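Peer 1: curious how this folds, go ahead:
(2 chains)
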Amino acid sequence: MIWINQILQGILLGGYYALIAAGLSFLFGVMRVINLAHGSLAVLAAFLLLVIDHWLGISPFVGLLLMLPAMALVGVVFQLGVLERSLRGGVLIPLLATFGVSLLLDNILFALFGANTRSFASHIGTLSYGSWAINRSIDISQLDALIFATALGLLGGMHLLLTRSQLGRMIRATAIDADAAALSGIDPRRVRVAAAAMAMMMVGIAGAALGMRSSFEPYAGGAQLIYAFEAVVIGGTGSLWGTLIGGIVLGIAQNVGATINPHLSQISGHVVFLLVLVLRMRGAGGLLGDLRRKIRRQPMAPT
Amino acid sequence: MNQNYSIERGTSKIRILLAILLILVAGLAAGPLLLSANDLDHLIVLFIYIILAIAWNALAGYGGLVSVGQQAFFGIGAYAAIRLSYYGMPVYLALPLGGVAGAAAAWVASLFMLQLRGGEFAIGMWVLATLIQQLVSLDPLIQGSTGTSLLVLNHFSPAARRADTYWLTLAVLLGLLGLLFLLLRSRQGAAMQAIRDDEEAARSVGVAVAPTKRLVFVFAGFGAGMAGALWLAASITFQPGTYFGVQWTAYMIFMVLVGGIGTFEGPILGALLFFALETMFGATGVWYLIGLGAAAVGFALFAPRGIWGALEARMGWRLLPVGYRLVLVPESQHDAAASAAVQFDSHA
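Peer 2: Just a heads-up that it's a prediction; the model follows:
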């Protein structure tokens, strides 16, 4: 029964990883840039929410209504100030520039807020500890369920937006070929600004979830970037639903590892990530693609 | 127009420069006889920074591989030295073997990590560094995040220890510089510089991209591993969180980016600059780090070739002959403008 519980909790934890990975995956999908400042931006969002709550004395859920537009603005500034310029500089420059931004953000947050760890757990009432008992040994945390549902809603909403809306079509066109998109009357620069603003709002939601389900401090960004990246790679780069699967696999791996030995929680997550990398080497389609090709090559009956 | 031309590796000033370099090296080698303990400690730190910068530049500048996880090899170098000396190996043999351990780990990692592209490789290396840190922390000898010390070094007198560490660091630095110099002048070096300039184009003219990248990756792992072992020799204590910290990569990126990525001389200049900045502003703590971050963003966006790259492009400077220069000699010999050398390698 303990294993069923651990796997269930792992799936729920995967919801958080999918949430933190969504912005990274989306930005990569649109601009082919891996944003090394992703984790630091999520921590920035959490601190923004902290400041808003502190000043106005409102619930973090109401505070989100102010924090998310602020993050969209951060996205516009980030796109115009850093990404747009670095995109012209080849493969290395976006990595170096975004890594510099993460160094800058982490240390500015440290200078402003110090090393204390913060959390919204005491600001969200019973939600931080409330749970539903499924049976004697399985409880589902209400907050974890909410975060999982948010991840589902966010990924589903993004899917609808990208496939059904005018903006979604423009974003996809720009992602596939910006020059061709420009020929058909799209301004790729503006589309990328819109995409960056959307990505930073996703990062904002993830930052809020981080602060509610656990704690954060100015240097917490690196670990969040690593989790997000692992979820994206495990699930297959560039696919939104793959990101959810990747997050769930990562969550299960960490929880199962922790059940075997508390030291193994992080380690087993990283090992699963590396295993996926090694399996992916077997071909573009990964292990499953390889298997499928083998089956096709061997006909059922001799000819 | 029928032009004669000749190909030369460097300008005639190279010989003067080499003489100056030899005198400088001789002076540095005599350091422990002339300098105070404090000066020696500072020089050891500076040499380690230069080693780190050379190693990261080889990887990013020549291999086109931006890694945010080179602290993995820095930590492995120090950890291997501690482990080997614990098994009873003489400590000044264990330290260089730390570098070998870094190279070996890089070779193993190259089997799967080099499949990754661009940003995937960058963060993938960070994941690997985190994993190795967590595995090293499980070793009872290291005592989790508390860490341990290379206590064997306390058997030596402080003065002898300092001099030995200084000479070992200087030897490693000169060895790596010499190795990179010879590598860049070799066939492999031509391949490395071709990949730096355009990977696809290099592949299309028959450069073996994968083996060349692996060579560069192992070289960078060796350099970072050596740097870690030497840092251990200088500071004696080992804590996984410090040695496997991402700040090492931040320093490497700063030095290489500001000095000039993909040049031989740039990283040395960057390390000197970084060392000077740290001496002046390191005490301001977080503001110093904010300054480093801002400078890294600024250079990446507005001066991606760094200080040396800009000087080289403007002045045609080249201290060490690692490329080729094509000198045009027109039939009208008195044409003064003809002495302008066309640089054949594509730094410009």
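Peer 1: only C-alpha atoms for contact and neighbour calcs from this point on.
Peer 2: Fine.
Peer 1: chain center to stretch A:149-164: distance?
Peer 2: Here stretch A:149-164 is found 13 Å from its chain centre; the criterion is CA atoms, centre = their mean, to the nearest Å.
Peer 1: tell me the mean pLDDT over that stretch?
Peer 2: Mean pLDDT, computed over stretch A:149-164, is 90.
Peer 1: same question, stretch B:159-179
Peer 2: On average, the pLDDT along stretch B:159-179 is 89.
Peer 1: can you report how many residues lie near the closest residue in space to B:Met192 that isn't next to it in sequence?
Peer 2: Leaving aside its chain neighbours, B:Met192 sits nearest to B:Tyr62 (5.3 Å; criterion: CA to CA, 6 or more residues apart in numbering or on different chains). If you count neighbours by other CA atoms under 10 Å in any protein chain shown, B:Tyr62 ends up with 26.
Peer 1: for the stretch 101-250 of chain A, just list every one of the helices.
Peer 2: Along the stretch 101-250 of chain A, counting by DSSP state H, counting those that start in this stretch, helices occupy A:142-164, A:166-176, A:178-183, A:188-213, A:221-235, A:240-260.
Peer 1: in contact with residue 72, which residues?
Peer 2: In the absence of a named chain, chain A is used. Contacts of A:Ala72 were listed using CA atoms under 8 Å, 6 or more residues apart in numbering or on different chains, and they are A:196-201.
Peer 1: switch to chain B, please.
Peer 2: Contact partners of B:Ala72, counting by CA under 8 Å, 6+ apart, are B:126, B:128-130, B:132-133, B:244.
Peer 1: pLDDT below threshold where in the chain?
Peer 2: If you meant another chain, say so; for now it's chain A. A:237-238, A:281-303 (pLDDT under 70).
Peer 1: sorry, I should have been clearer: chain B.
Peer 2: Chain B contains residues with pLDDT under 70 at B:1-13, B:316-348.
Peer 1: for the residue minimising distance to the centre of it, helix, strand, or coil?
Peer 2: The structure's chain B has its C-alpha centroid closest to B:Ile54; by CA atoms, centre = their mean the separation is 1.6 Å. Three-state secondary structure (criterion: DSSP: H, G, I helix; E, B strand; the rest coil) places B:Ile54 in helix.
Peer 1: kindly list the longest helix within chain A.
Peer 2: helix A:2-31 (DSSP state H).
Peer 1: tell me what that one is packed against?
Peer 2: Where contact means 3 or more CA pairs under 8 Å, 6 or more residues apart in numbering or on different chains; DSSP states H and E, helix A:2-31 is packed against helix A:38-56, helix A:142-164, helix A:166-176, helix A:188-213, helix A:221-235, helix A:240-260.
Peer 1: do a quick rundown of the strands in the stretch 101-250 of chain B.
Peer 2: Per DSSP state E, counting those that start in this stretch, the stretch 101-250 of chain B carries strands over the ranges B:148-149, B:237-238.
Peer 1: winner for burial among these?
Peer 2: The highest average neighbour count among those, using mean count of other CA atoms under 10 Å in any protein chain shown, belongs to strand B:237-238 at a mean of 20.
Peer 1: residues contacting that one, please?
Peer 2: By CA under 8 Å, 6+ apart, the surrounding residues in contact with strand B:237-238 are B:78-79, B:142, B:147-150, B:232.
Peer 1: among those residues, which one lies nearest to chain A?
Peer 2: Nearest to chain A among these: B:Ile142, at 14.7 Å, using CA to the nearest CA.
Peer 1: what's the closest non-adjacent residue to the closest one?
Peer 2: Computed as CA to CA, 6+ apart, the closest residue to B:Ile142 that is not its neighbour in sequence is B:Thr148, at 5.4 Å.
Peer 1: wait, that neighbour sits on B:Gly241?
Peer 2: No. Assessed by CA atoms under 8 Å, B:Thr148 is found out of contact with B:Gly241, at 11.8 Å.
Peer 1: now the longest helix of chain A against helix A:166-176, angle please.
Peer 2: Using axes from the mean of the first three to the mean of the last three CA atoms, to 10 degrees, the direction of helix A:2-31 lies 80 degrees away from that of helix A:166-176.
Peer 1: measure how far helix A:2-31 is from the centre of its chain, please.
Peer 2: Between the centre of helix A:2-31 and the centre of its chain there are 7 Å (CA atoms, centre = their mean).
Peer 1: what about stretch B:130-148, how long is it end to end?
Peer 2: Stretch B:130-148 has an end-to-end distance of 19 Å (criterion: CA to CA, to the nearest Å).
Peer 1: other residues contacting that stretch?
Peer 2: A:266-267, A:270-271, B:72, B:75, B:79, B:237-241, B:244.
Peer 1: how about a cut-off of 10 Å?
Peer 2: A:223, A:226, A:263-264, A:266-271, A:274, B:69, B:71-73, B:75-76, B:79, B:82-83, B:86, B:124-129, B:149, B:236-246 (CA atoms under 10 Å, 6 or more residues apart in numbering or on different chains).
Peer 1: what comes up buried for that stretch?
Peer 2: Of the residues in stretch B:130-148, B:130-134, B:136-137, B:142, B:144-145, B:147-148 count as buried by neighbour count, 16 or more other CA atoms under 10 Å in any protein chain shown.
Peer 1: please list the members of those that lie in helices.
Peer 2: Short answer: the buried residues of stretch B:130-148 in helices (DSSP H) are B:130-134, B:136-137.
Peer 1: what's the farthest-apart pair in the contacts of strand B:237-238?
Peer 2: The distance between the two most remote of the contacts of strand B:237-238 (CA to CA) is 13.6 Å, for B:Ile142 and B:Leu232.
Peer 1: can you name the residues that contact residue 125?
Peer 2: The chain I'm using is chain A. When contacts are counted by CA under 10 Å, 6+ apart, A:Gly125 is found next to A:Ser59.
Peer 1: look at chain B instead
Peer 2: By CA under 10 Å, 6+ apart, the contact set of B:Met125 is B:66-72, B:109, B:113-114, B:116, B:119, B:131.
Peer 1: just curious, which of the residues you listed is nearest to chain A?
Peer 2: Of all the contacts of B:Met125, B:Gly119 has the smallest distance to chain A: 5.2 Å, by CA to the nearest CA.
Peer 1: I'd say the closest one and A:Ala97 touch.
Peer 2: No. B:Gly119 is beyond contact range of A:Ala97, at 12.0 Å (criterion: CA atoms under 10 Å).
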